[in-house]
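1. structure for the following, please:
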Amino acid sequence: SGADKVSINTAAVKNPELVSQLMNLFGRQCVVVAMDVKRHYINDSTEKKSYWFEVRIFGGREGTGIEAIGWAKSVEKLGAGEILLTSIDTDGTESGYDLELIRAISRAVRIPVIASGGCGSQEHILEVFRRTDVEAALAASIFHYEKATVDSVKQYLKDNGINVRI
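-> From the prediction side, this is the model:
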């Protein structure tokens, strides 16, 4: 039907072989596995906060118990060509991307990672490119609420040394 890519999330978690099936049908470059991830704090006796990242499904409403870094590695092995990574903790906050989560996932895999969740300014987009190894950054609120235009963000990134594909 003309689509360049297919993105799956809940369906991939429920049936991981679907990733391989789609890769075999359409090619690795067309398969994007979307990951909605939530940070969970572990209560322990130390003062240091410990946590883990959980994969969530059904738009982030349902937990899976699946650890996100391991899941990212699994979907890469199954044939995903990209990961669309959304931090549930920062999504909609406009306070910036979850750089720690993004760094952990992008370092764990060799496929491109797209950062999502938390962008509130063009400075946040610059920061995610400077401080992580993401291939792309998704932004919505800054465009919906007319804080910036796509062209102004591209120019800002270019002015700050980020290679922007037009």
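2. any idea how far Ser95 is from Asp89?
-> Distance, Ser95 to Asp89, using C-beta to C-beta, to the nearest Å: 10 Å. Where C-beta positions appear, they are placed from N, C-alpha and C, glycine not excepted.
3. so those two - more neighbours on which side?
-> Taking other C-beta atoms under 10 Å, Ser95 and Asp89 do not tie; Asp89 has more neighbours (17 against 13).
4. I'd assumed the more buried one was in a helix, is it?
-> No - counting by DSSP: H, G, I helix; E, B strand; the rest coil, Asp89 is located in no helix; its state is coil.
5. burial measure for Val153, as a count.
-> Val153 sits with 21 neighbouring residues when counted by other C-beta under 10 Å.
6. tell me the SS of it?
-> Of the three states, Val153 takes helix under three-state DSSP.
7. and the residue lying closest to it once chain neighbours are set aside, how far is that from Val164?
-> Leaving aside its sequence neighbours, Val153 sits nearest to Gln122 (C-beta to C-beta, 6 or more residues apart in numbering; 4.9 Å). Gln122 sits 12 Å away from Val164, going by C-beta to C-beta.
8. who has more neighbours, the two?
-> The neighbour comparison of Gln122 against Val164 (other C-beta under 10 Å) goes to Gln122, with 20 against 12.
9. tell me where the model's unsure across the protein.
-> For the chain, applying pLDDT under 70 flags the ranges 44-48, 166.
10. now the strands for it?
-> In the chain, strands defined by DSSP state E lie at 6-8, 31-42, 50-57, 62-67, 82-87, 113-116, 136-137, listed in chain order.
11. for Lys147, find the nearest of these.
-> Smallest distance to Lys147 across those (C-beta to C-beta): 14.8 Å, for strand 136-137.
12. quick check: neighbours of the closest one in the sheet, parallel or antiparallel?
-> strand 113-116 (parallel) (DSSP bridges).
13. can you list contacts of the partner strand?
-> 32, 82-87, 91, 97, 102, 105-106, 128, 132-138 (C-beta atoms under 8 Å, 6 or more residues apart in numbering).
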